[in-house]
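**Q** let me see the structure of the following:
(3 chains)
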Amino acid sequence: MRIVFEKTSYTYMENTPLEKRALHEVSTTFPSGEIIAVIGRTGSGKSTLVQHINGLLRPSQGKVTIGERTVDPKTKKKQIQKLRENVGMVFQYPEHQLFEETVEKDIIFGPLNAGTSEQQIKKQVPMLIQRVGLDESLLHQSPFHLSGGQMRRAAIAGVLAMNPQVLILDEPTASLDPKGKQEIIELLKEWHEEKRLTIIIVTHDMEEVADIASRAVVMHDGRIAMEGHAQEIFEQQGRLEALGLDLPPRLKVLSYISVKTGVPFSSWSLSPEKAATEVNASRKGNKDV
Amino acid sequence: MFKHIIIGQYLPGNSFLHRMDARAKLIAVLLMIMVIFLADTWRGYGAVTVGTVGVWMISGVPLRYILKGMYPILILIVGTFLLHAFLTQEGEVIATVGAFSVYSGGIEQGLFIGLRLFFLVLVTSLLTLTTSPIDLTDGLEQMLQPLKRFGVPAHEVALMMSIAIRFIPTLFQEAEKIIKAQTARGAKFNSGSMKQRTQAMISLLVPLFIRAFKRAEDLALAMEARGYNGGEKRTKLRALTWRRKDTIACLIVAVSAVLLFFFQR
Amino acid sequence: MTAVSFNHVSFRYEEESDWVLEDVNAEIEEGEWVSIIGPNGSGKSTLSRMCNGLLSPVEGEVFIEGKPVRPGEELALLRQKVGMVFQNPDHQFVAPTVKDDIAFGMENAGVPRNEMVERIEKAAMQTGIEKILDAEPHRLSGGQKQRVAIAGTLVLHPTLLILDEATSMLDPQGKREVMNILKDLHRRDRITILHVTHDLREAAIGTRIWLMRFGNIAIDLDSNTMLDQMNQFDTNDIPLPYEFHLLQELRRRHCKEEAGLVKRYIRDGIAL
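**A** Numbers count the residues shown, from 1 in each chain, chains lettered A, B, ... in the order given. You can find the predicted model right below:
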């Protein structure tokens, strides 16, 4: 599903002394079927932006078009309900929203709300639980008896169960160990390959999404500061630094080496093997001279 | 909905009331509550009004703010008034509505009780509006201290209150997050059938409680790691200072209370 | 002097249940900065909680500066010496304001009032929170809250500071803030640090690394050596961050100068 923001503005607590403008006339397009990284510092408006996509927030001005549906300041709540069935949202620490007696019941909560029959959805649950890397035997356990990483995956399964055409994830790997992080990213990659849905990942960590995101949007002060191909965005050292963002680790270390030794890297997004090979080649080149 | 409730909120300032010792304010408020319960004539309520308005005037709290804060309990006050107006059968019949007769005594009684509620809320609100929560709990702890020998856990009560106050905003932030997450999963908090709404509420309350228990566990561990050992041998960063003006303020309230008792007859 | 010593320490929560720690023997010297890494459930946090008596070994004994950690009167004194910061910034903030929270430990220890004020000022300087002393916790960022938590331990003049995954819930900026404070405390104030973390980047800054696995310290190396012997790590357990991987590749190609550069880059924590 394609998502188009047109001059979308959003103000928190409008008409009160605490009024705070979080989005300023944002216009952008998220192409259908891509994995898009939304990056920015805390308070840059990135969470506000993505919460417009499933109607959790309605724009104060402007509009957002998601597939066939448009949300503007006047859109009724009833209409938004339908939108939510197509747009799944995984919040930060999604395990905090688990509440049912069994993992299975929690997973089918979303689809049931959307009107899917219990029989129908229960058939899919064993497949789903395996997809997120959990054992089928866990289905009939209390979600609160799972480990932290397992809870996270069960919660994500609950959103995937709604089979959304757009999937939004807010810091999906926060506070997991490196292995757990990898597993979540891997899971998203597989799900994307199979379903070809639009995935939007809100994150601080450019390294984490570098290999899966095709597009990136950088938010700053409620505005879009950069957008384009992820690889290209992640290489723009000067711009990223000016926005007070953390540089992707590979850019950071490669440019450090480059400054200290004068090795000219062909790109800032080389794999460690390629980067080392380039260093090696450049040393040999120097010796020849 | 919650932003209008002023009971328990603190409005920083530098008025006479703000600068008073929390213990003095607690004593004064206790006295005023007694007075409000004692008042049962028009003259009595007149005097209570004058007193309370006087206290409000030195509090520096904007009237607008107070009125707005009173709004949520208005229903309660009006309800109490109606209940008494219809159910008390004293004095003369003023009007008859169907099977119900309204007596003059009922109207009077309703007004009195309504006013009593109004003043109670006003006086306690003024206390919390002008006293930071931490001073309030400190004041309470010290005032309960003498009762310790009768087994009143003064320190524990105060600590509990202060932790509760500290975590209220956290709880609201968390509730908001969970509501959003469940809404995104199609939970219907504001629309839908009774059953759907109940389910939505469960999907909010269960995680909220589980998180609260987890938080309590973590907090207990953190407190233990920081050497918390109960109230024995503790010192305090904050010291309350009782000045002469606190004594005077308490005396004024006490004397007014006694005077009122005779004056209202 | 030996700051911490684990002497045949074993632990399990209940009889019959699996051992969380199994016969751990290790020592931390004063002034060291030990980072504990390892997969979830390997016993990292459990081990750290033995140091201030939050948990007691089922078998064996833990010594802090030569004295055994045992339940009783002395535990309160020990907990002043051993500061601890936990994972969730929100779940260890006790008081309604920053200042009061920093004071909490001192109040427990019975520090006189005027001394408290002085110590708060000093700790606030050390952690860079002078300007938010009157702030309420819900208005602070995660990094600020963790700095407050560190300040709350510093006022008790600890000789050992334990961070139990204290950076894992922070954004990059918050992590950096906390790590910079740790560097200062270690270098300037000579505080011994025990840092439980998932992040190899953070771990490499310290002087020594313990990799825990199945309730035991599987690898115990000083950080310099660790960077030379990364092949010891099972990369399935501990995926190597980019620059660590790069370092290996440079070595493989005998690019010594650049490898040295990357090593310094990692050790100085420039990546953070």
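**Q** for stretch A:215-223, list every residue counted as buried.
**A** Residues A:215-220, A:222 are the ones in stretch A:215-223 that count as buried (16 or more other C-beta atoms under 10 Å in any protein chain shown). Placement of C-beta: from N, CA and C, glycine included.
**Q** so what touches that stretch?
**A** A:21-26, A:28, A:30-31, A:34-41, A:44-46, A:48-49, A:206, A:209, A:224-230, A:233-234, A:240, A:243, A:245 (C-beta atoms under 8 Å, 6 or more residues apart in numbering or on different chains).
**Q** ok, now stretch A:9-20?
**A** So stretch A:9-20 is contacted by A:21-26, A:48, A:52, A:57, A:59-62 (C-beta under 8 Å, 6+ apart).
**Q** if we can go back for a sec, can you turn the buried part of the contacts of stretch A:215-223 into a PyMOL selection?
**A** Of those, the buried ones go into a single PyMOL selection, burial set by 16+ other C-beta under 10 Å:
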select buried, chain A and resi 22+23+24+26+30+34+35+36+37+38+39+40+41+44+45+46+48+49+206+209+224+225+226+227+230+233+234+240+243+245
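**Q** in strands only, show me the buried residues of stretch A:215-223.
**A** The strands, defined by DSSP state E, take in A:215-220 from the buried residues of stretch A:215-223.
**Q** which bits of chain C sit near chain B?
**A** With C-beta under 8 Å from any C-beta of the partner chain as the criterion, chain C meets chain B at residues C:52, C:54, C:76, C:79-80, C:84, C:86, C:88, C:90-97, C:99-100, C:103-113, C:116-117, C:120, C:136-138, C:152-153, C:156.
**Q** got the buried residues of stretch A:215-223 as CSV, with pLDDT columns?
**A** Below are the buried residues of stretch A:215-223 laid out as CSV (pLDDT from 0 to 100):
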residue, pLDDT
A:Arg215, 95
A:Ala216, 95
A:Val217, 96
A:Val218, 95
A:Met219, 95
A:His220, 95
A:Gly222, 95
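**Q** count of neighbours near the nearest residue to B:Ile27 once chain neighbours are set aside?
**A** Excluding its sequence neighbours, the residue lying closest to B:Ile27 (C-beta to C-beta, 6 or more residues apart in numbering or on different chains) is B:Cys250, at 5.2 Å. Using other C-beta atoms under 10 Å in any protein chain shown, B:Cys250 has 20 neighbouring residues.
**Q** now do the helices in chain B.
**A** With helices called from DSSP state H, chain B shows them at B:16-19, B:22-38, B:42-57, B:63-87, B:104-130, B:133-144, B:154-184, B:194-225, B:244-263.
**Q** quick one, which of these gets closest to C:Phe214.
**A** Among those, the nearest to C:Phe214 by C-beta to C-beta is helix B:194-225 (24.4 Å).
**Q** does at least one residue of the closest one sit close to chain C?
**A** Yes - Helix B:194-225 reaches chain C (C-beta under 8 Å from any C-beta) through B:214-215, B:218-219, B:221-225.
**Q** A strand includes A:Val26, no?
**A** Yes - remark: A:Val26 belongs to a strand, assigned using DSSP: H, G, I helix; E, B strand; the rest coil.
**Q** hey, what's it bridged with?
**A** A:Thr8 (DSSP bridges).
**Q** can you classify the closest residue to B:Ala184 other than its chain neighbours by secondary structure?
**A** Excluding the flanking residues, the one nearest B:Ala184 by C-beta to C-beta, 6+ apart is A:Met89, at 3.9 Å. Of the three states, A:Met89 takes strand under three-state DSSP.
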